[in-house]
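**Q** got a sequence here, can you build the structure:
(one chain, ligands or ions: 1)
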Amino acid sequence: MAAIPSTMNAVQIARTGGVEVLEHKAVPVPVPGPGQVLVRNRFAGVNFIDTYFRSGLYPSPHFPLTLGREAAGEVVAAHASVTRLGPGTRVVYMSGPAAGTYAQYAAVDAAAVVAVPDGISDRQAAAVLLQGLTAWTFIREAGNVQPGQWTLVHAAAGGVGLLLVQMLRSVGAKVIGTAGSKEKCGLARTNGAEWTIDSRNDDIVARVKEITGGHGVDVIFDGVGKATFDADLQMIAMKGHLISFGNASGAVPPISILLLGQKNVKLMRPVVNGYVAEREDLEKYTSELFELVASGKINVAIHDVYPLRDAARAHSDIESRKTTGKLLINCD
Ligand SMILES: NC(=O)c1ccc[n+]([C@@H]2O[C@H](COP(=O)([O-])OP(=O)(O)OC[C@H]3O[C@@H](n4cnc5c(N)ncnc54)[C@H](OP(=O)(O)O)[C@@H]3O)[C@@H](O)[C@H]2O)c1
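**A** Residues are numbered from 1 along each chain as shown. Model (predicted):
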């Protein structure tokens, strides 16, 4: 195993703002503390949440801040207190905001790290962990989706969206996808959305009424946020679950709780980390996720792999609504 250098390349922000605040810098390689391992990152996932920390929508725990919340790579060192993950183990992990992954190395709590099975590549692992756990735990726990239910996924050709439509189809739900172009709708259909709606050109509420024969949607998965929330309340079925989980178009403004009484709506605003906070749950859901990938039930679509120094381009691209599937950063 190669010697561990004293410095590494990382992408950090010293203040919030547009993509121009991303800086590619040489910084010290972190030293693993009690309970931590040092991972040589191969690929880091780009997630929409990274843009929220960059823009200031979500507050940074400190500056400078290394961006990125997930990566796959190899354990290269461990604190003496860690016995489970030896050097050379291929791993994937989600980190908290304090340990960014747009970097060649990261010191991560061993409790958050999962070994990658043979048959799953580093790329696939980095591309599927955060968005895949989000989609899978939201289907299983937040929505408790049952076969035959009407479901709707906004931004169905995006990172989380493409995984949601495939997984919903695999559990037997009826899947409607919305997406911002004809091409994206086509991709969502190929991946399991039986019905699609072009969100830039069609009347989503009217189309849903038509598609569901007036029933409405039993479980809505909405990562778009501000732009779609009002329509969600109109097209949700009686006793439906509205899972609002993102802010791609901006944060949903505060609402009157009385609105939910009109259809006995269950409104949730879940965060993936809450479903995998216990080690047992992390292992269970990650192993189910890897099984979905290994068995070919879900395909992990990678939009592009960006060099570390081009992280700003990755942010511009994901914010431009032009990407589909997952964006990765090559940390080498
Ligand atoms: N709560 C959680 O734990 C959790 C975990 C993971 C992700 N998320 C959230 O899930 C959402 C999707 O994340 P992702 O990483 O998979 O991103 P993504 O879906 O690949 O990209 C965002 C998509 O949102 C749609 N969109 C609609 N209006 C937009 C606007 N004004 N600006 C930009 N995009 C807009 C676009 O698709 P169309 O053009 O097709 O509309 C765009 O491609 C994000 O809101 C993210 O924060 C939440």
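**Q** what residue ranges in the stretch 1-150 of the chain score low on pLDDT?
**A** Within the stretch 1-150 of the chain, no stretch falls below the threshold (pLDDT under 70).
**Q** what residues does it put near the ligand?
**A** The interface of the stretch 1-150 of the chain toward the ligand, taken as C-beta under 6 Å from any ligand atom, is made up of 47-49, 131, 134. No exception for glycine: its C-beta is placed from N, CA and C like everyone else's.
**Q** helix or strand for the residue nearest the centre of the chain, which one?
**A** Averaging the C-alpha coordinates of the chain gives a centre point, and the residue nearest to it by C-alpha atoms, centre = their mean is residue 131 (2.8 Å). Secondary structure assigned from DSSP states H and E places residue 131 in helix 122-137.
**Q** tell me the strands beside the next helix or strand after that helix, with direction?
**A** Later in the chain than helix 122-137, the nearest helix or strand by DSSP H and E is strand 150-153. Here strand 150-153 has these sheet partners by DSSP bridges: strand 174-179 (parallel), strand 217-222 (parallel).
**Q** quick check: next helix or strand after the last one?
**A** If you walk from strand 217-222 toward the C-terminus, the next helix or strand you reach (DSSP H and E) is helix 229-235.
**Q** quick check: buried residues in that following helix?
**A** Buried positions in helix 229-235, judged by neighbour count with 16 or more other C-beta atoms under 10 Å: 229, 231-233, 235.
**Q** so what's the residue count around the closest residue to residue 321 other than its chain neighbours?
**A** With sequence-adjacent residues excluded and distances taken as C-beta to C-beta, 6 or more residues apart in numbering, residue 321 is closest to residue 180, at 5.3 Å. The number of residues packed near residue 180 is 19, by other C-beta atoms under 10 Å.
**Q** also residue 329?
**A** 29.
**Q** could I get the pLDDT score of it?
**A** According to the predicted model, the pLDDT of residue 329 comes to 98.
**Q** from here on, call the first residue 369.
**A** That works, and once the first residue is 369, the last one we named lands at residue 697.
**Q** and the host helix or strand of it, what does it pack onto?
**A** For residue 697, the host element (DSSP H and E) is strand 694-698. Secondary-structure packing of strand 694-698 (3 or more C-beta pairs under 8 Å, 6 or more residues apart in numbering; DSSP states H and E): strand 404-414, helix 490-505, strand 670-675, helix 679-687.
**Q** alright, calling it a day.
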